[in-house]
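S.K.: Got a sequence here, can you model it:
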Amino acid sequence: MLYNSIARRVAQWESAALTRRRSGVRVPPRLPLMNVVITGGSRGIGKATVIRFIKEGYKVCTCSRNEETLRSLWEELGKPENLFIKACDVSERQSAKEFVKFCAKLMGRFDVLINNAGLSRGLEPLDQGNIDDWNEMIDTNIKGVLYITKLIIPIMRQQGYGHIINLGSIAGHESYPGGNVYCATKAAIKSLTKSLRMDLIRTNIRVSSIDPGM
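M.R.: Now for the predicted structure:
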């Protein structure tokens, strides 16, 4: 699903790029194969997206807090040369920095960043919530996206193009009982995506979000 959504957005980009070229605006060429960074690529949507991009022949650099699950994915896919894996906790600034540095060294450029890493903890009413769970969700779902994106934007600015895709959630649009902090983090991603799009409006860096439901 995510891959198909990205493919549609690429087609839209090409159509817009053609219009801009006709009006004399410089637009970077569409590259035949993309270099893609995906956080949280060891399971769920992240894993499915990694698998699809690898099968399409793209270079993928992905991370997860669990190195064993990443290695299992790499082996499951036949140890592909176009998949680069590294253990990383995106909620830790130094860990995020080391991951981006690792990806940059191996791939050189970043065509697409998919901020997928995220988690949900607990379904208690707010007054009964676990503060450690709150901190883990806020640090991963919000700060992790901020850390990785801040590190990659300068590289995209320098190369003159890029596409940032944030994985939000329908929970960022519609709250549910017990989802208090998780819903708040996804609402933050919704607002961040819109604000980031405004920040980058005069660049060739696109900003999108995909908000899955259950």
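
S.K.: contacts, neighbours, all on C-alpha from now
M.R.: Will do.

S.K.: where does the closest residue to Pro80 other than its chain neighbours land in three-state SS?
M.R.: In space, Pro80 comes closest to Trp74 once its chain neighbours are excluded; the distance is 6.9 Å by C-alpha to C-alpha, 6 or more residues apart in numbering. Counting by DSSP: H, G, I helix; E, B strand; the rest coil, the backbone at Trp74 sits in helix.

S.K.: Let's see the pLDDT reported for Trp74.
M.R.: For Trp74, the model assigns a pLDDT of 96.

S.K.: Give me the neighbour count for it.
M.R.: 18 (other C-alpha atoms under 10 Å).

S.K.: same question, Ser175
M.R.: 16.

S.K.: Now do the SS call for it.
M.R.: Going by three-state DSSP: Ser175 is coil.

S.K.: Please tell me how far it sits from Thr185.
M.R.: 11 Å (C-alpha to C-alpha, to the nearest Å).

S.K.: got the residue ranges for the strands in the chain?
M.R.: 35-38, 59-64, 83-87, 112-115, 162-167, 205-210 (DSSP state E).

S.K.: any chance of the ones you listed in TSV, plus mean pLDDT, distance to Arg93 and mean neighbour count?
M.R.: Shown next, in TSV, are these (pLDDT from 0 to 100; distance: least, C-alpha to C-alpha, whole Å; neighbours: other C-alpha atoms under 10 Å):
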stretch	mean pLDDT	distance to Arg93	mean neighbour count
strand 35-38	98	17	24
strand 59-64	98	14	25
strand 83-87	98	14	20
strand 112-115	98	15	24
strand 162-167	97	18	22
strand 205-210	96	22	19
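
S.K.: Save the ones you listed as a markdown table, and put in distance to Asp127 too.
M.R.: Shown next, in a markdown table, are these (distance: least, C-alpha to C-alpha, whole Å):
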| stretch | distance to Asp127 |
| --- | --- |
| strand 35-38 | 35 |
| strand 59-64 | 31 |
| strand 83-87 | 34 |
| strand 112-115 | 30 |
| strand 162-167 | 28 |
| strand 205-210 | 31 |
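
S.K.: among the ones you listed, which is nearest Lys143?
M.R.: strand 112-115 (11.2 Å; C-alpha to C-alpha).

S.K.: Tell me the strands beside the closest one, with direction?
M.R.: According to DSSP bridges, strand 112-115 forms sheet pairs with strand 35-38 (parallel), strand 162-167 (parallel).

S.K.: Please save the CA atoms from it in PDB.
M.R.: In PDB, the C-alpha atoms belonging to strand 112-115 read as follows (Å, rounded to 0.1, in the frame of the first residue of the first chain):
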ATOM      1  CA  VAL A 112      13.300   9.400  -0.200                       C
ATOM      2  CA  LEU A 113      13.100   9.500   3.600                       C
ATOM      3  CA  ILE A 114      10.200   7.400   5.100                       C
ATOM      4  CA  ASN A 115       9.800   8.300   8.800                       C
END
